[in-house]
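# please find the sequence and the predicted model below.
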Amino acid sequence: MRYAFLCFPGFKYKAVTLSYDDDVIFDEKLVGILDEYGLKCTFNLNSGLFAEKEGGRMMTEEQAKKLFSGSVHEVAVHGVKHLSLAEFPAAIAAQDVLQDRVNLERIFGKVVDGMAYANGSYDDKVVEILRTCGIKYARTVVSTHKFDIPTDWLRLPATCHHGDPALGELTESFLADYPENTHYVRRIPKLFYLWGHAYEFNDRNEWEIIEEFARKVGKRDDVWYATNGEVYDYVKAFDSLVYSVSDAIVKNPTATDVYLNYYGKNVKIGAGETVNIGEV
Ligand SMILES: [Zn+2]
C-alpha cells in the first residue's frame, strides 16, 4: 500500500478537492458557497470561449479574472475551444492544450499546469501530448466511488460527479471515523474528489446538492481542503521522500512539509529536513 504512511498536512487523514468546468457565470455562486464552508476547487477554463460581453451564460475574461485572481481556488486548462482531444490530429490537440495554458498564464500571472479533459476525451496519444505540454495532472470523467490517492495523474479519476445517486452515501462513508486498532492505529488516507459543472446546479435548480455537501464536509478540523494542484504537489512531495534502508532515517528534499504516520507514530518531515524516526 503505497500511501499507507501518508497523512495530509496537520496529520489529517481526510482531504477534499473539487473540480468544476467551463467558465460559466454560475461559478461565482459556487465560489461563494465553497468559501463559506472553506472548501477549495479547481476551475477548468476554456480561454477561447470567454464571452465578449457580460449578460450571457459564459463569463467574460474580466469576470473570470476578478473571480479567481487572489482567491484560494485554482484555475486549470480545459482546452481553448473545448475540443474532444482524442478525435483530433495531434498538432490540433496540442494547440488546444498549450494555447489555453498560454492564455490562462497571461490572464492570471501564474503557472497553470493542471487540466480536465473536455468531454472526458483522451487516449494514450493525448496523454503523451499533455506530458509534452507540461501538464501535471488531468481529470477524466471516470468515477471510482473510492477515496484512493491517485497514482496515474494524467488519467485522474474522481470519486464521483455531484449528481451521482451515491453522493450522500459516499459522503457519510468518507466522514466516518476509522475503527480503532488494538496494536497500532493504522489509518489509510482518504481523498474525496468531486466534479461537475456549476451550470448543472443552476439549470436543474439543484444548488442544494452542493450546499448540503459543503455543510457536511466543510469547516471540519479533521479534513484538509485543497485544490487539485495542491493535492498533486503534496502527494508528489511524499513520493519524493528518501528512506534509509533501516527505514529509520527519512530525508525530504522538497519545499513542502510532509506529514507521516509511521506505524502509529506521527512524524513531520519539514521541507529540506532529514529526520531520524527512531525505533518503531
Ligand atoms: Zn467541459
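All right, it came through fine. Residues are numbered from 1 along each chain as shown.
# what about Ser47, distance to Glu208?
31 Å (CB to CB, to the nearest Å). Just so you know, the C-beta spots here come from the backbone N, C-alpha and C atoms, and that holds for glycine as well.
# which one of the two is surrounded by more residues?
Applying other CB atoms under 10 Å to Ser47 and Glu208 shows that Ser47 carries more neighbours, namely 24 against 10.
# any idea which element that one lies in?
For Ser47, there is no enclosing helix or strand under DSSP states H and E.
# I'd say it and Ile107 touch.
Yes. Counting by CB atoms under 8 Å, Ile107 is a contact partner of Ser47 at 7.1 Å.
# so what sits against both of these two?
In terms of CB atoms under 8 Å, 6 or more residues apart in numbering, Ser47 and Ile107 are both contacted by the residues Glu61.
# can you pull out the helices in this structure?
Secondary structure of the chain (DSSP state H): helices at 27-37, 61-68, 90-108, 124-132, 167-175, 198-203, 207-217, 228-239.
# turn those into a markdown table, columns for mean pLDDT.
Shown next, in a markdown table, are the helices of the chain (pLDDT from 0 to 100):
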| stretch | mean pLDDT |
| --- | --- |
| helix 27-37 | 98 |
| helix 61-68 | 98 |
| helix 90-108 | 98 |
| helix 124-132 | 98 |
| helix 167-175 | 97 |
| helix 198-203 | 98 |
| helix 207-217 | 98 |
| helix 228-239 | 98 |
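# looking at the ones you listed, which is buried most?
Across these, averaging neighbours per residue (mean count of other CB atoms under 10 Å) puts helix 228-239 on top, at a mean of 20.
# summarise which helices and strands that helix is packed against.
strand 14-21, strand 74-77, strand 114-116, strand 137-143, strand 258-262 (3 or more CB pairs under 8 Å, 6 or more residues apart in numbering; DSSP states H and E).
# the fourth one near the ion at all?
To tie it back to what came earlier, the one meant is strand 137-143. No. Strand 137-143 lies out of reach of the ion by CB under 5 Å from the ion, never closer than 9.4 Å.
# then the longest one?
Yes. Looking at strand 14-21 against the ion by CB under 5 Å from the ion, the contacts come from Asp21.
# average pLDDT across that strand?
Mean pLDDT, computed over strand 14-21, is 98.
# who in the stretch 101-250 of the chain is up against the ion?
Within the stretch 101-250 of the chain, the positions near the ion by CB under 5 Å from the ion are Ala118.
# in the stretch 101-250 of the chain, what residue lies closest to the ion?
Relative to the ion, the nearest point of the stretch 101-250 of the chain is Ala118 (4.8 Å; CB to the ion).
# wait, isn't that residue in contact with Phe88?
No. Between Ala118 and Phe88 there is no contact under CB under 8 Å: 10.8 Å.
# neighbour count for the two, which is higher?
Between Ala118 and Phe88, Ala118 has the larger neighbour count (other CB under 10 Å), namely 23 against 17.
# what does the pLDDT read for the more buried one?
pLDDT, Ala118: 98.
# also Tyr184?
54.
# walk me through the domains of this protein.
Following automatic domain parsing, the chain resolves into domains at 12-239, 242-280.
# okay, now the longest one: how far is its last residue from its first?
Using CA to CA, to the nearest Å, the gap from the first to the last residue of domain 12-239 comes to 17 Å.
# distance from that domain to the middle of the chain?
Relative to its chain's centre, domain 12-239 lies at 5 Å (CA atoms, centre = their mean, to the nearest Å).
# same thing with the shortest one?
A distance of 25 Å separates the centroid of the chain from that of domain 242-280, by CA atoms, centre = their mean.
# buried sites along that domain?
In terms of neighbour count (16 or more other CB atoms under 10 Å), domain 242-280 has its buried residues at 250, 252, 254, 256-262, 267, 269, 275, 277.
# and the pLDDT for the nearest residue to Val126 once chain neighbours are set aside?
Distances taken as CB to CB, 6 or more residues apart in numbering put Leu85 closest to Val126, at 4.6 Å, once the chain neighbours are dropped. You'll see Leu85 listed with a pLDDT of 98.
# on that earlier part again, select, out of the helices of the chain, the one closest to Phe147.
Nearest of the helices of the chain to Phe147, taken as CB to CB: helix 167-175 at 5.9 Å.
# fine by me, thanks again.
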